[in-house]
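Chemist: 3D model of this:
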Amino acid sequence: MPRHSNAPALGLFPLVRQNGSKSWDQHLTIQSRRREIGLGVWPIVTLTASREAALANARAADEGRDPIAERRDARLGSSITFSNALARYAEAKLSELSSEKYRLQWVSSVEKHACPKIRKKAVDQIETRNVLKVLQPLW
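Modeler: This next block holds a predicted model:
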């Protein structure tokens, strides 16, 4: 029987590297994918603090959220511009296109029509009227 049978399985592990540095690591399944989350360097992050963070991550994953993405987005804040978001999306989208010709056409089209109008605009600030400014000349 486990020592703390009422404690949830948080996947929390101490990690000791070859150079002697120590940190807290969490192994967690997020949206059906096994992920590792770094929780901080010991002794700056205590065992209690790492347990609290691990519990929050586990709750988020149980609710269907991705705590890694949430942490990244919080760190970046609203500074994610359309141009930054496009670069991230293009990584996934371009792999779906069948040929180099189509990949170049897709990038060229977005850069020609959307980027001049909303390149530097924060994604959370893009409104319908901004999208219409991009689309109306194409209609």
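Chemist: now do the helix or strand bottoming out on mean pLDDT in the chain: distance to the chain's middle.
Modeler: Sorted by mean pLDDT, DSSP states H and E, the helices and strands of the chain end with helix 67-76, the least confident at a mean of 77. Helix 67-76 has its C-alpha centroid displaced from the chain centroid by 6 Å (CA atoms, centre = their mean, to the nearest Å).
Chemist: packing partners of it?
Modeler: Packing partners of helix 67-76 (3 or more CB pairs under 8 Å, 6 or more residues apart in numbering; DSSP states H and E): strand 22-30, strand 33-41, helix 47-62. Any C-beta I mention is one placed from the backbone N, CA and C, and that applies to glycine too.
Chemist: now that helix: buried residues?
Modeler: Buried residues in helix 67-76, counted by 16 or more other CB atoms under 10 Å: 67-68.
Chemist: hmm, who's touching it?
Modeler: 28, 30, 35, 37, 56-57, 60-61, 80 (CB atoms under 8 Å, 6 or more residues apart in numbering).
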